[in-house]
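Colleague: sequence isn't available, so here's the structure alone:
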């Protein structure tokens, strides 16, 4: 193996040497479990020595146990190229100008065969190299602000993004796309909804559930949809653009304060909660579902407020939660706490004294509901009224993560608790709505006859 072991060791390396097969060669592996045709991939340095990894023609990777291998035949060899070359984006005077901000995440990723992990690797320019259809939609310029997974996004990145968006709006850009990891995209979307108020153009966040090297990747189509929304839509809001159904029929545009990731792996993971999506989108058209959104304007007026108090916590209440949870946050200097309470907004009585100590110490405490759908109603039971009497403030139907982000943003502006309350309870971008529409709560349950009929006959 002239190319070196490339992560192979022990039994696996011995098998490759025995049949004189190189990594990156096209090979046919005969085993006791059948015959497999594909490309021999490098091995993660952290993996065992008992498998040969093969990328099948379908694009999926499989591991073949060495003790099942009877023969390997090398059929060809092609040197591997990891990098998609960046391409200069073609410019047309009659197309809108779109800025793509890269932050990292799965939409900008490749497989690192050294560790076997998906890592941020594509620059925004490389994304165009991978998705040339973008040139049919707009003139695209790119700026790679960060290269991090979304779990590492936080207040520092929120404020940088907000300022960068403001600068692009001032320069006259027609729309903005933000490539972002999906795990915390709804947090960033909420932060930008508050930090970038009354934008005159669409600001569209997009990611993918499956990395670009997988045949089932949603990265390219999501990016095409998001770019089309930024270039052609009249919806001047912070939006999240991801798959609608788990198939590739269409995407959905969700309001940045009403959206949430609801499944760890489905491509249709993002759902609007307590409302309906703003629009459907495919490669041909954008179809509004709601009509009460801010419209695109020709002015450059926008309010940028890039501030955030980091000493804010989101606490998910659970039965038998102890008061020291609250006390420890106060002792560590936290200025705000959002509680995701049970039912209409409740916690157990042993926690009451800690909450009262916290509010008397000047800590802002707000209540949301862990049910996600529905409103906080703290006047219904004694529990809710008692909690309000010791200083907890209900947040209507704000989602817990959105309330957390908004409280951090509010406390970043002022320490005056009355002003904080005014900011928190004044709707800015549909984070609080007057009512939940009749079709704003739909959770179908499999196995029920009418749902199974729908799945069989209506939406196959």
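Modeller: Yes, it's here. Because the structure is a prediction, the values reported are computed rather than measured.
Colleague: can we go C-alpha only for contacts and neighbour counts from here?
Modeller: Fine.
Colleague: which ones are touching the residue nearest to residue 399 when sequence neighbours are not counted?
Modeller: Leaving aside its chain neighbours, residue 399 sits nearest to residue 372 (6.0 Å; criterion: C-alpha to C-alpha, 6 or more residues apart in numbering). Contacts for residue 372 (C-alpha atoms under 8 Å, 6 or more residues apart in numbering) come out as 273, 274, 399, 400.
Colleague: next, give me the two most distant ones among those.
Modeller: Put simply, by C-alpha to C-alpha the two of those set farthest apart are 274 and 400, 12.7 Å from each other.
Colleague: residue 283 versus the residue nearest to residue 282 when sequence neighbours are not counted, what's the distance?
Modeller: With sequence-adjacent residues excluded and distances taken as C-alpha to C-alpha, 6+ apart, residue 282 is closest to residue 250, at 4.8 Å. To residue 283, residue 250 is 8 Å away according to C-alpha to C-alpha, to the nearest Å.
Colleague: the two: which is more packed in?
Modeller: Taking other C-alpha atoms under 10 Å, residue 250 and residue 283 do not tie; residue 250 has more neighbours (20 against 15).
Colleague: surely that one meets residue 285?
Modeller: No. With contact defined as C-alpha atoms under 8 Å, residue 250 and residue 285 do not form a contacting pair (9.8 Å).
Colleague: helix, strand or coil for residue 173?
Modeller: Under DSSP: H, G, I helix; E, B strand; the rest coil, residue 173 falls in the coil class.
Colleague: quick one: contacts for it?
Modeller: Residue 173 neighbours (C-alpha under 8 Å, 6+ apart): 97, 98, 99.
Colleague: likewise for residue 400?
Modeller: Residue 400 touches 314, 338, 339, 340, 368, 369, 370, 372, counting by C-alpha under 8 Å, 6+ apart.
Colleague: same check on residue 264?
Modeller: Residue 264 neighbours (C-alpha under 8 Å, 6+ apart): none.
Colleague: ok, now how distant is residue 250 from residue 435?
Modeller: Distance from residue 250 to residue 435, by C-alpha to C-alpha: 27 Å.
Colleague: quick one: contacts of the longest strand along the chain?
Modeller: If you go by DSSP state E, the chain has its longest strand at strand 69-77. Identification of contacts with strand 69-77 by C-alpha under 8 Å, 6+ apart yields 16, 19, 21-22, 24-32.
Colleague: helix, strand, or coil at the residue nearest to residue 399?
Modeller: coil.
Colleague: same question, residue 133
Modeller: helix.
Colleague: wouldn't it be in contact with residue 224 here?
Modeller: Yes. Using C-alpha under 8 Å, residue 133 makes contact with residue 224 at a distance of 7.2 Å.
Colleague: neighbour-wise, which of these two wins?
Modeller: Set side by side, residue 133 and residue 224 show unequal neighbour counts under other C-alpha under 10 Å, the larger going to residue 224 at 24 against 15.
Colleague: just the pLDDT for residue 86.
Modeller: At residue 86, the predicted lDDT confidence score is 64.
Colleague: next one: residue 106
Modeller: 64.
Colleague: and if you look at the one 3 residues further on?
Modeller: According to the per-residue confidence, residue 109 scores 58 in pLDDT.
Colleague: of the contacts of residue 400, which is the most crowded?
Modeller: That'd be residue 368 among the contacts of residue 400, by other C-alpha under 10 Å, with 33 neighbours.
Colleague: residue 96 contacts residue 172, correct?
Modeller: No. Contact criterion C-alpha under 8 Å: residue 96 and residue 172 do not qualify, at 10.5 Å.
Colleague: so for these two, which residue has more residues nearby?
Modeller: Using other C-alpha under 10 Å as the criterion, residue 96 and residue 172 rank with residue 96 on top: 18 against 15.
Colleague: pull up the gap between the closest residue to the more buried one other than its chain neighbours and residue 450, please.
Modeller: Once flanking residues are discounted, residue 96 sits nearest to residue 138: 5.1 Å by C-alpha to C-alpha, 6+ apart. Separation of residue 138 from residue 450 (C-alpha to C-alpha): 44 Å.
Colleague: cool, and residue 235?
Modeller: 35 Å.
Colleague: compare the two and say which is more crowded by neighbours.
Modeller: Between residue 235 and residue 450, residue 235 has the larger neighbour count (other C-alpha under 10 Å), namely 26 against 12.
Colleague: now that one: closest residue in space that isn't a chain neighbour?
Modeller: residue 295 (5.1 Å).
Colleague: fine, thanks again, bye for now.
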